[in-house]
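**Student:** sequence below, structure please.
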Amino acid sequence: MKKEIQRLINDAIKSTFGIDFDLEKIKIDYTPEGMGDFSANVALLLAKQVGKSPMEVAEKLADFFRRPTSKISVDVGRLQIEKVEVAKPGFLNFYLADKLLPYMVVKINKEKEKYGNSDLGQGKKVHLDFVSANPTGPVHVGNARGGPLGDTLANVFQKAGYEPFREYYVNDAGNQVEILGHSILGDEKAEYGGDYVADIKNQIGHTIPFAKGKSLTNIKNKDATNVGAEGVKIVLDKIIKPSMEKFGIKFDNYFSEKELQESGKVDEVINLLKKKNLVYEKEGALWFKSTEFGDDKDRVVVKSDGQKTYFGSDIAYHKEKLDRGFDKMIDIWGADHHGEVARTKGALEALGYKDKLEIILTQFVRVLKDGKEMKMSKRAGTYVNIDDLIDEAGKDATRFFFLMHSADTHMNFDLDLAKERSEKNPVYYVQYAHARISSILRKANDLPTFNVGTLPALNVKERVLIFELLKFPDLVEEISQNYAVHHLPQYAMGLADKFHNFYEECRVIDESDLELTAARLEIVKAAQIVLAETLRLMGISAPTRM
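**Tutor:** Residues are numbered from 1 along each chain as shown. Here you go, the predicted model:
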């Protein structure tokens, strides 16, 4: 609805001042309760251009909307402004016509889960790379934080008309594979600890092809890379993939760095950079001129021993994604990768792909139990792994709590709160609203027929709840553009709160007033649709009983 307000304001500007104005500069906000429904700052932006004060501009624009001919007829999916007020220092406050709202409720119930769908994305293909933890051990809570973020973003993209693709980049090449091998062998070069390492050793046993019947204890250090490669397969198939499934994340593909290197595509992209004179040799290594693209120093792409660096592979991986036909790439990394942002974007710019990549950095997570930071997992060896957290709190609470906070902020995961079955627990509060709605609808076996034309005047709680439902399509489109998925759980909590308030004040099923009962049941059904769809986008269940 914000876009319709923008278009109406644009029409007013053209009619009143005879000029075109950039729609994207017109900021539309929701107003505090009692001060209208939408607020626009356009008069403050337009004042200098037309040579008038912001209040004068606002009054002239408000006059345009006050003309009877400027109103739009009430129709499903259309907008009608009841009145426009001017507020200092030059804001326009818009009030929607109350008679429009019942029609919007009918629209929601007609469209069901398709409510909020749009063609904004026009079928553009978006590649999302997230989690992608090294396949050398369990996924810890730091890496896992990007899981619900990427998965929810993909759901939002799909609802907004894009074609999302979820991918896990498997770093199965490089030094960490050899280190895993040494750790499995238990020699002096071992670095990884935890019960899972012993489990891998037991699973490999005497069956690895290169061992030729030897015991692992007799395998020489030079075979550590092969041992590590076998270990990586086990970690990926027996630990990481089951963890992602438990977390409710289904990746479209697991992409192998090793296979990328073996395909020759890393060499191809390095040769492209050579042709552009963007790499040079120094100390036997090959360096990319990343300082030319905003990095603080140049970066090695091929080591002096001929081994490709992770950065070299990463450049090739991003080009490979674009070669697959993706229009946009979004990488979700941990905050410890902040130093790689400039060099990666710079390399893509060097290849002619400026602005094709967005990188979201997630900050650190502390898990608190009994008010204290939760100790490391014995199975993981050095950190709290995501399986432990899900086992304790459940998938729904884990995802909801991770999504509640903006990715760029540190977060404390309160395990005691996540497990609490009370209104203090936000996910419980939201899910209970859905279960309460389901209970109401079960009691209304024979729903009275709803006649939108005979709906009594809305009371405050009804109006507030309906208007909250109308925010959902705008929210979906906005998140598809700004990636701020933390607004979804915030919206879910706000919607649940407004429903609970409505329920406490408004008797839904009243056999003495069937028209009012029919109208309120229609509102309740619409609330269920929007709340369930909000939860679905977050990958969280919508229980019908609690």
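
**Student:** which residues in the stretch 201-350 of the chain form strands?
**Tutor:** Counting by DSSP state E, counting those that start in this stretch, the stretch 201-350 of the chain has strands at residues 253-256, 279-282, 285-288, 299-302, 328-334.

**Student:** residue 401: how many residues sit nearby?
**Tutor:** 26 (other Cβ atoms under 10 Å). Placement of C-beta: from N, CA and C, glycine included.

**Student:** list the contacts of the spatially most central residue of the chain.
**Tutor:** Nearest to the mean C-alpha position of the chain, by Cα atoms, centre = their mean, lies residue 153 at 3.3 Å. Under the criterion of Cβ atoms under 8 Å, 6 or more residues apart in numbering, the contact list for residue 153 reads 128, 164, 330, 479, 483, 485.

**Student:** one step back: can I get the strands of the stretch 201-350 of the chain in a markdown table including mean neighbour count, mean pLDDT and distance to residue 169?
**Tutor:** Below are the strands of the stretch 201-350 of the chain laid out as a markdown table (neighbours: other Cβ atoms under 10 Å; pLDDT from 0 to 100; distance: least, Cβ to Cβ, whole Å):
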| stretch | mean neighbour count | mean pLDDT | distance to residue 169 |
| --- | --- | --- | --- |
| strand 253-256 | 16 | 98 | 5 |
| strand 279-282 | 14 | 95 | 23 |
| strand 285-288 | 20 | 96 | 19 |
| strand 299-302 | 22 | 95 | 17 |
| strand 328-334 | 21 | 97 | 9 |
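
**Student:** quick revisit: next, format the contacts of residue 153 as a markdown table and append secondary structure.
**Tutor:** Putting those into a markdown table (DSSP: H, G, I helix; E, B strand; the rest coil) gives the following:
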| residue | secondary structure |
| --- | --- |
| 128 | strand |
| 164 | strand |
| 330 | strand |
| 479 | helix |
| 483 | coil |
| 485 | coil |
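
**Student:** which of those lies closest to residue 513?
**Tutor:** When the contacts of residue 153 are compared for distance to residue 513 (Cβ to Cβ), residue 479 wins out at 39.4 Å.

**Student:** what's the pLDDT at the closest residue to the closest one other than its chain neighbours?
**Tutor:** Of all residues not flanking residue 479 in the chain, residue 156 sits nearest, at 4.9 Å (Cβ to Cβ, 6 or more residues apart in numbering). For residue 156, the model assigns a pLDDT of 98.

**Student:** starting at the chain centroid, how far to the host helix or strand of residue 156?
**Tutor:** Using DSSP states H and E, residue 156 sits in helix 146-159. The chain centre lies 4 Å from the centre of helix 146-159; the measure is Cα atoms, centre = their mean, to the nearest Å.

**Student:** now do stretch 332-339
**Tutor:** 17 Å.

**Student:** before we move on, what about stretch 107-127?
**Tutor:** 16 Å.

**Student:** do stretch 126-134 as well
**Tutor:** So, by Cα atoms, centre = their mean, the centroid of stretch 126-134 is 12 Å from its chain's centroid.

**Student:** could you do stretch 492-509 as well?
**Tutor:** With Cα atoms, centre = their mean, you get 27 Å for stretch 492-509.

**Student:** mind listing what's buried in it?
**Tutor:** Of the residues in stretch 492-509, those buried by neighbour count under the rule 16 or more other Cβ atoms under 10 Å are 492-493, 495-500, 502-503, 506, 508-509.

**Student:** how about those residues in TSV, adding distance to residue 62, secondary structure and pLDDT?
**Tutor:** As requested, the buried residues of stretch 492-509 are arranged in TSV below (distance: Cβ to Cβ, whole Å; DSSP: H, G, I helix; E, B strand; the rest coil; pLDDT from 0 to 100):
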residue	distance to residue 62	secondary structure	pLDDT
492	35	helix	98
493	34	helix	98
495	31	helix	98
496	35	helix	98
497	32	helix	97
498	29	helix	97
499	33	helix	98
500	36	helix	96
502	31	helix	97
503	37	helix	96
506	33	coil	93
508	38	coil	92
509	42	coil	90
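
**Student:** and the residues you listed as a markdown table, adding distance to residue 445?
**Tutor:** Output for the buried residues of stretch 492-509, formatted as a markdown table (distance: Cβ to Cβ, whole Å):
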| residue | distance to residue 445 |
| --- | --- |
| 492 | 28 |
| 493 | 31 |
| 495 | 26 |
| 496 | 25 |
| 497 | 28 |
| 498 | 26 |
| 499 | 21 |
| 500 | 24 |
| 502 | 22 |
| 503 | 19 |
| 506 | 20 |
| 508 | 14 |
| 509 | 10 |
